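*Asks:* Have a look at this prediction, sequence included:
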Amino acid sequence: MKEYTNYSLLPYNTFGIDVKAASFIEYSSVEDLKNILSRDAFVSRPFLHIGGGSNLLFTTDYAGTILHSQMKGMEVVAEEGDSVYIRVSSGVVWDDFVAYCVSQGWGGAENLSLIPGEVGASAVQNIGAYGVEAKDLISQVETVEVATGSDRTFTNEDCCFSYRQSIFKNELKGRYIVTYVTYRLSKNPVFNLEYGNIRAELGKYGEVNLYTIRQSLIAIREDKLPDPKVEGNAGSFFMNPIIPRAQFEALQKVYEKMPFYVVDEERIKVPAGWMIDQCGWKGKVLGRVGVHNKQALVLVNKGGATGQDVIELSKAVQAAVKDKFGIEIRPEVNFI
Ligand code: EPU
């Protein structure tokens, strides 16, 4: 276990915001975690559990305790027919898990290659890309209850997953800490290649297998999304709004080329990035922050930005989209 006071969070948020935490604790076992949760000093202050810091925007120094899991390890816990169940510790880097599955020939996670962050957060955020979401793979989520230190296992259904949502972000926010996630992969995977330009990119490799799909996804992401080591960012800054079908059909009469995804009979998801682009914000810079020039859904730190700079830009972008399309777009990134 590692403990620090007045600790810089610069390496722990991909936006590259320079703030400090009053207390920062990294633990490497469930036992250590329970020990921390029972301390008076912990109970008396606010806390925040972070993963890879790829979905956070720090707006000020953090006055409480930041927790980070250093629990590592992956273990196959069951095999049933074509399915492999693998139990992964919360602190494992998400893409290390994906790479491992691909190397073993287990399918399911390959479309989620190179998503930043850690395994614990994959269950909280229900991360997703290219037609696959973490919820499609998650079998169960093991947690520790903050108030009591007791263990609780959530089935996939218990987690109430939906687009970028789970019970851990909503009703149970701040009440449970994820310790292990068990995923179900397939030894005979059905590839999911219909989204965006996956097929076009795959064409460059000649063969379609888990490895070439992973390489294609990595190439697509690297081309469109800025490297946080070069320009701070948190991936998609906004969620894609889900709107009633009638509202979409009215918009489609005006904007014939508006891309969309059908959620169900009544609801349509529209890409916020496309709308921001249409508003002319793609590539625009506002002081120390800007809208990425290859993907308008991503806000970037041009160097030395504060959380407030990012908030101001995000408000201007939200207002432009509301004005042109009558749609509220909401941040996917969590403001702290
Ligand atoms: N588009 C534009 N201009 C832009 C950006 C997008 O016209 O600047 C258009 C695209 O041409 C496409 C549509 O908008 O027709 C959707 O764009 P894209 O496929 O790039 O996906 P997205 O909706 O912008 C979502 C996820 C991404 C994920 C991609 C691929 C959210 C909030 N974002 O983005 O996730 O990688 O789909 O599945 O759902 C992330 O969460 O950090 C993230 C990168």
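*Replies:* The structure has been received and is ready for your questions.

*Asks:* ok, Lys269 touching Ile242?
*Replies:* Yes - if you go by CB atoms under 8 Å, Lys269 and Ile242 touch, sitting 4.9 Å apart. Heads up, the C-betas are built off the backbone N, CA and C, glycines and all.

*Asks:* residue contacts, Gln295?
*Replies:* Lys224, Leu225, Gly273 (CB atoms under 8 Å, 6 or more residues apart in numbering).

*Asks:* Likewise for Gln278?
*Replies:* Tyr255, Lys324, Phe325.

*Asks:* same thing with His49?
*Replies:* So His49 contacts Ile66, Leu67, His68, Ser69, Gly120, Ile177 (CB under 8 Å, 6+ apart).

*Asks:* How about Ile276?
*Replies:* Phe238, Lys282, Val291, Ala296, Leu297, Val317, Ala320, Val321, Ile329.

*Asks:* doesn't Gly280 make contact with the third one?
*Replies:* Yep, that's Val291 we're talking about. No - judged on CB under 8 Å, Val291 makes no contact with Gly280 at a distance of 9.7 Å.

*Asks:* check contacts around the nearest residue to Ser236 once chain neighbours are set aside.
*Replies:* Nearest residue to Ser236, sequence neighbours excluded (CB to CB, 6 or more residues apart in numbering): Leu297, at 4.6 Å. If you count contacts by CB under 8 Å, 6+ apart, Leu297 has them with Ser236, Phe237, Phe238, Pro271, Ala272, Gly273, Ile276.

*Asks:* my read: the fifth one touches Met239, true?
*Replies:* Just to be clear, that refers to Ala272. Yes - counting by CB under 8 Å, Met239 is a contact partner of Ala272 at 7.0 Å.

*Asks:* what do these two both touch?
*Replies:* By CB under 8 Å, 6+ apart, the residues touching both Ala272 and Met239 are Ile329.

*Asks:* More neighbours: the two, which one.
*Replies:* Ala272 (25 against 17; other CB atoms under 10 Å).

*Asks:* For the ligand, see how far away that one is.
*Replies:* The spacing between Ala272 and the ligand, counted by CB to the nearest ligand atom, to the nearest Å, is 7 Å.

*Asks:* So for that residue, what pLDDT did the model give?
*Replies:* Per-residue pLDDT puts Ala272 at 98.

*Asks:* do Thr143 as well
*Replies:* The per-residue pLDDT reported for Thr143 equals 98.

*Asks:* That one belongs to a strand?
*Replies:* Yes - looking at Thr143 with DSSP: H, G, I helix; E, B strand; the rest coil, it is inside a strand.

*Asks:* hang on, the earlier thing: got the phi and psi for the residue nearest to Ser236?
*Replies:* phi -80, psi -10 (degrees, to the nearest 10).

*Asks:* just checking, what packs against the helix or strand hosting Ser103?
*Replies:* For Ser103, the host element (DSSP states H and E) is helix 94-104. Packed against helix 94-104 by the contact rule (3 or more CB pairs under 8 Å, 6 or more residues apart in numbering; DSSP states H and E) you find strand 83-89, helix 119-125, helix 210-224.

*Asks:* hmm, that helix in reach of the ligand?
*Replies:* No - Helix 94-104 stays clear of the ligand (CB under 6 Å from any ligand atom), getting no nearer than 11.8 Å.

*Asks:* Now do the phi/psi pair for the residue in the chain positioned nearest to the ligand.
*Replies:* Closest approach between the chain and the ligand, counting by CB to the nearest ligand atom: Gly235, at 2.4 Å. In terms of degrees, to the nearest 10, the main-chain angles of Gly235 are phi 60, psi -150.

*Asks:* can you check Leu185 too?
*Replies:* According to degrees, to the nearest 10, Leu185 has phi -110, psi 170.

*Asks:* re the thing from before, whichever of the contacts of Gln295 end up buried, select them in ChimeraX.
*Replies:* Listed next is the ChimeraX selection for buried residues among the contacts of Gln295, using 16 or more other CB atoms under 10 Å:
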select :225,273
